[in-house]
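Novice: Return atomic coordinates for the entry below.
(one chain, ligands or ions: 1)
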Amino acid sequence: MSTAYLPGYECQVGEDAVEHSQKKLNSTLADFSYVPSERLQKLASTEAETLTYRCTCGFQIISSELLSPPILPARLTYCMRNNFAPVSLRTDRFPVANVRIQDAMENVIVSLRSLGSAHAAVENLTSCKFVSSWDEKEVFVTLSYSDSVSDSAEWLAHFSPLLELFSITSLTARFQKSSLSLGREEKCVNDKIVVRGVEISYKKPEDAFCHPNKHTMSKALDWLITRIESIESESPTLLEMYCGSGAHTIPLSKCSVISKILCVELDQRLVDYCNGNIASNGVQDKVWCIKGDAGKVSSRLMRRRVSGPPENSTSPLDIIPTFNALLVDPPRSGLDASVKKLAMSGEFEDMFYVSCGREALKEDLKVLCQFFEVESLCVTDLFPRTDSVETLVHLRKKK
Ligand SMILES: C[S@@+](CC[C@H](N)C(=O)[O-])C[C@H]1O[C@@H](n2cnc3c(N)ncnc32)[C@H](O)[C@@H]1O
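Specialist: Numbering: from 1, shown residues only. Alright, predicted model coming up:
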């Protein structure tokens, strides 16, 4: 196994990544010492899951003689930031990325090195981002330029013949207020995941948040479905806040006992994708996605709880009159205060919290646990070899 130093990755490739995974999950579980131990679960990474797992990653591209200390002979190199300073990966393949991305990384940097510094593909180049589908059938590459691409024709002439050779789905140059692009026009990742024997297909914008680790995603979905199966209602209804393009929504509607879902997302583009995924997976009779701010929607649903829905309401918010359960997957900063208020309004018997923000989750649970108790809590290894974890919490209304 390579022992390349990976800046930003506190556990070096070649060290015992499984032990590292166990340690960080244990340390996260220590935050929840108030929860009975039989309700806590840890899904650490296996050796194989700590390498070739990432399906999104980005790097600075810098000429190595500009690094401190310089690396000679000078050549373009992928870098990550370590305490704000760029540090060379010293390898053209990032062992933590999936193989499809590693192949693209190597092909792209070797092709760039064959050009002079004044070539349009190299001049003003600052960074490169790679996104692949979970099944590795597609890979999207974005090169970012600080100012502009000095000669579009030269850029296109260099990369056009390489796209097919490198099996890159789409290659984009981004620069101030403009872009150049080759390959597939629709900039979305087509993906598939099998959950409990059921195939789920997604389209996701390639530049939006997406789950970087298919192993963690599979484990999270399985855990969520198992917990949903323990809801006491026979055909539970679900309110889902922060749904994105439906990464949880679609599997839950297709593979769990949930009968109806109303899901809410702030970004109109993701709402459009979510609605597309709802239709393509044939769950349009049980899932409705609306654009909205989770905080404002919560305030509106609180008013409905107190005064009933407005008379003859045609608002999609009133399609489902009451909810048994609430699912939230907020940004790292945690829940809006109104979402917490709604959660504790008495409507929901069960709440599911998917969190990638360790500190925000601790603070939110301090509030939520005045009303709920932790029924089950599971920590998973979101980014093996880093300190990031994803925590899944099932809260149940206190009796
Ligand atoms: C951590 S991501 C989770 C997305 C989705 N659940 C998934 O697994 O792909 C958080 C999502 O919340 C959305 N978001 C951020 N602030 C929001 C708000 N105030 N109201 C509704 N959605 C919001 C973001 O656009 C993003 O899609």
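
Novice: Pick out the residue of this protein closest to the ligand.
Specialist: The nearest approach of the chain to the ligand comes at G244, 2.9 Å away (Cβ to the nearest ligand atom). Heads up, the C-betas are built off the backbone N, CA and C, glycines and all.

Novice: Quick check: the gap between that residue and L43.
Specialist: 22 Å (Cβ to Cβ, to the nearest Å).

Novice: wait, N107 sits on L162?
Specialist: Yes - counting by Cβ atoms under 8 Å, L162 is a contact partner of N107 at 7.3 Å.

Novice: Spit out the residues that contact those two alike.
Specialist: Here N107 and L162 have I168 as joint contacts, going by Cβ atoms under 8 Å, 6 or more residues apart in numbering.

Novice: The two: which has the busier surroundings?
Specialist: More neighbours surround N107 than the other of N107 and L162, with 17 against 14 (other Cβ atoms under 10 Å).

Novice: Return the backbone torsion pair for the more buried one.
Specialist: When read as degrees, to the nearest 10, the backbone of N107 gives phi -60, psi -40.

Novice: Local confidence estimate at the nearest residue to it once chain neighbours are set aside?
Specialist: Nearest residue to N107, sequence neighbours excluded (Cβ to Cβ, 6 or more residues apart in numbering): F166, at 4.2 Å. Per-residue pLDDT puts F166 at 97.

Novice: where along the stretch 201-350 of the chain do the helices fall?
Specialist: 214-228, 249-255, 268-280, 294-307, 337-343 (DSSP state H, counting those that start in this stretch).

Novice: For the ligand, tell me whether stretch 221-236 is touching it.
Specialist: No - applying Cβ under 6 Å from any ligand atom, one finds stretch 221-236 separated from the ligand by no less than 10.0 Å.

Novice: what does that stretch contact?
Specialist: Contacts of stretch 221-236 (Cβ under 8 Å, 6+ apart): 41, 43, 193, 195-196, 248, 251-252, 255-259, 324-325, 327, 349-350, 352, 354, 375-376, 378, 380, 392, 394.

Novice: buried sites along it?
Specialist: 221, 223-225, 227-228, 231, 236 (16 or more other Cβ atoms under 10 Å).

Novice: and if you look at stretch 143-157?
Specialist: Applying 16+ other Cβ under 10 Å to stretch 143-157 flags 143-145, 149-150, 154-156 as buried.

Novice: List the residues that contact Q268.
Specialist: The contact partners of Q268, by Cβ under 8 Å, 6+ apart, come to K291.

Novice: Could you measure from it over to F84?
Specialist: 34 Å.

Novice: and what of P205?
Specialist: 29 Å.

Novice: Have a look at these two and say which one is more surrounded.
Specialist: Of the pair P205 and F84, P205 is the one with more neighbours under other Cβ under 10 Å, namely 19 against 5.

Novice: any idea whether L182 is helix, strand or coil?
Specialist: Assigned by DSSP: H, G, I helix; E, B strand; the rest coil, the conformation of L182 is strand.
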